[in-house]
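Enquirer: Sequence first, then the predicted structure, then my questions.
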Amino acid sequence: MKHLLSISDLSKPDAISILDTATELARVSDGAVKKLPTLRGRTIVNLFAEDSTRTRISFEAAAKRLSADVINFSAKGSSLSKGESLKDTAMTLQAMGADAVVIRHPASGAAQRLADSEWMSGSVVNAGDGTHEHPSQALLDAFTIRKHLGMGGSDLFGLNVAIVGDILHSRVARSNVLLLSMLGAKVTLVAPPTLLPVGIHNWPTTVSYDFDAVIPHVDVVMMLRVQQERMSDLFFPNAREYSRYFGLNGERMASMKSGAIVMHPGPMNRGLEISAEVADSARSVITEQVTNGVSVRMAILYVLLAGGALEVGSN
Amino acid sequence: MSVALSAQDITRALTRISHEILEKNQGSTNIVLLGIPTRGAHIATRISSIITSIEGAEVPTGTLDITLFRDDLRMRPPRAIMPTKIPTSGIEGKDVILVDDVLFSGRTIRAALDALGEIGRPRTVQLAALVDRGHRELPIKADFIGKNLPTSKNQSVKVLLSEIDGRDEVTIEEEAE
């Protein structure tokens, strides 16, 4: 595997091997050892053309724990804000000898464009492209679910997951639907019809408009952020109404199964899709998702970069 | 293909290694056995149970995966990372005995020493290998050896263990050119 662009590029064994690798690497992060020499001498560029806290820091921490050199590169403060094209930026990175580029971009397909181009020879990791995909987030979500509810199995067979909220604008939802259903979980999407994409009935999921009917039957409730910055239209009458029908508050949480968990990819709009009471409750694994993110991203970088392509003169 | 060690030979070799470990360390009180996955880990478990039957006390036994510390990662496709399980007693101040199936270039052991250094500071580190086939590329030597097998570089030594392969045997095969 050279690039990680979309969950659809992964086979089930690929995905499970990333999760298993992450499990071993998590022990490293837990233990006294925080640094491994595995990627010494490799250069990883974080190319972030869109704002991010968790993903960028998480990839940076993952690369540093594997001893890679990290160059952070964000749109603000770089020539991207002067209008430099993705091509010229990529060629600059190539000239500097980047072994991998972790790219976040507002345009869907930007990571694919970079990987398919002749502009650079390194690996490309999609860290979120527009409303398309965010594969590393889905992998860390699957990792977190497997850790809590997987009962020692390697996949997520038999688990019920509800993904709730702004599905239309969510790359996290797209990647999660693909990955979680590949791993055997049953995914239910809960959202107002305006926030569901066209063609939703071709997805391997069921759709519900009634959060209260779904919530007692699921093992995982994954809340999505309402992405107001991507909303050019009116998608729901007002925030209070959205919150009443599709927000997760303490009262709704009380009807969840025992042992069921609450997830959110962050950043949260507290009071809109999730109440502070829920976000800080014992069911919430939201901060743990961040911790697991580092292990999963270490596993991704390990799988993409540690094994070299066969070079001339090697055996 | 020729058989270098039969099942019985392997059992005898491991029994002798166990006695040698006890002799050199004056008992089992301060030792920790760490097997290098996958086959080294099974051999460590066997040595551990032999020592337990001799001394009557359990020996802390674990596994140490060295994949992340290898210096030849770039030459091959990515390898799966195997579990590292350090006994709860830790390795600080202990006599750690690394256990591997075949000692060859010595690079695995160099990586293991690096991996150990990240975990703690043992009092001593010793090395036990079921087979030493020579061709060292680093100044590394085993303390306990089941069998010295002089080989040429284009032969390959295969260790089969009943836990994984269904039977115990060590064979030498000519590698096809």
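Expert: Nice, thanks for sending it over.

Enquirer: Might you list the low-confidence residue ranges for chain A?
Expert: For chain A, the stretches flagged by pLDDT under 70 are A:29, A:31-33, A:308-315.

Enquirer: Compute the number of surrounding residues for residue 156.
Expert: Unless you meant another one, I'm taking chain A. When counting by other Cβ atoms under 10 Å in any protein chain shown, one arrives at 26 neighbours for residue A:156. No exception for glycine: its C-beta is placed from N, CA and C like everyone else's.

Enquirer: Chain B, not that one
Expert: Residue B:156: 15 surrounding residues under other Cβ under 10 Å.

Enquirer: what about the residue lying closest to residue B:123 once chain neighbours are set aside, neighbour count?
Expert: Leaving out its chain neighbours, the residue that sits closest to residue B:123 by Cβ to Cβ, 6 or more residues apart in numbering or on different chains is residue B:93, at 5.2 Å. Residues lying near residue B:93 (other Cβ under 10 Å) number 11.

Enquirer: Could you do residue A:251 as well?
Expert: For residue A:251, the count of nearby residues is 11 (other Cβ under 10 Å).

Enquirer: Now do the contacts for the residue nearest to residue B:123.
Expert: Residue B:93 makes contacts with B:30, B:121, B:122, B:123, as judged by Cβ atoms under 8 Å, 6 or more residues apart in numbering or on different chains.

Enquirer: can you give me the helices for the chain?
Expert: Picking chain A for this. Taking DSSP state H as the criterion, chain A carries its helices at A:12-30, A:54-65, A:86-95, A:110-116, A:135-149, A:171-182, A:211-214, A:239-246, A:250-253, A:276-279, A:286-301.

Enquirer: nope, chain B please
Expert: In chain B, the helices defined using DSSP H lie at B:7-25, B:39-55, B:107-119, B:162-165.

Enquirer: name the helices or strands packed onto the first one?
Expert: Right, helix B:7-25. Counting contacts by 3 or more Cβ pairs under 8 Å, 6 or more residues apart in numbering or on different chains; DSSP states H and E, helix B:7-25 is packed against helix B:39-55, strand B:124-132, strand B:144-148, strand B:169-174.

Enquirer: Tell me which of these sits nearest to residue A:175.
Expert: Closest approach to residue A:175 among those is made by helix B:39-55 (35.5 Å; Cβ to Cβ).

Enquirer: picking up where we left off before, now tabulate the helices of chain B in a markdown table and tack on mean neighbour count.
Expert: What follows is the helices of chain B, written out as a markdown table (neighbours: other Cβ atoms under 10 Å in any protein chain shown):
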| stretch | mean neighbour count |
| --- | --- |
| helix B:7-25 | 17 |
| helix B:39-55 | 20 |
| helix B:107-119 | 19 |
| helix B:162-165 | 12 |
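
Enquirer: Now render those as CSV, adding mean pLDDT.
Expert: Shown next, in CSV, are the helices of chain B (pLDDT from 0 to 100):
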stretch, mean pLDDT
helix B:7-25, 97
helix B:39-55, 96
helix B:107-119, 93
helix B:162-165, 95
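
Enquirer: would a markdown table of those with distance to residue B:83 be doable?
Expert: Converted to a markdown table, the helices of chain B look like this (distance: least, Cβ to Cβ, whole Å):
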| stretch | distance to residue B:83 |
| --- | --- |
| helix B:7-25 | 22 |
| helix B:39-55 | 9 |
| helix B:107-119 | 13 |
| helix B:162-165 | 15 |
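
Enquirer: can you pull the contacts of the residue positioned nearest the centre of chain B?
Expert: Compute the mean C-alpha point of chain B, and by Cα atoms, centre = their mean the closest residue is residue B:100, 1.6 Å away. Residue B:100 is in contact with B:35, B:36, B:39, B:40, B:43, B:108, B:109, B:112, B:127, B:128, B:129, B:130, counting by Cβ under 8 Å, 6+ apart.

Enquirer: wouldn't the second one be in contact with residue B:69 here?
Expert: No - if you go by Cβ atoms under 8 Å, residue B:36 and residue B:69 don't touch, sitting 11.0 Å apart.

Enquirer: Which one's more surrounded, the two?
Expert: Neighbour totals were compared for residue B:36 and residue B:69, and residue B:36 leads with 26 against 22 (other Cβ under 10 Å).

Enquirer: ok, for that one, nearest residue in space, not its chain neighbours?
Expert: Nearest to residue B:36 is residue B:100, by Cβ to Cβ, 6+ apart, at 4.7 Å.
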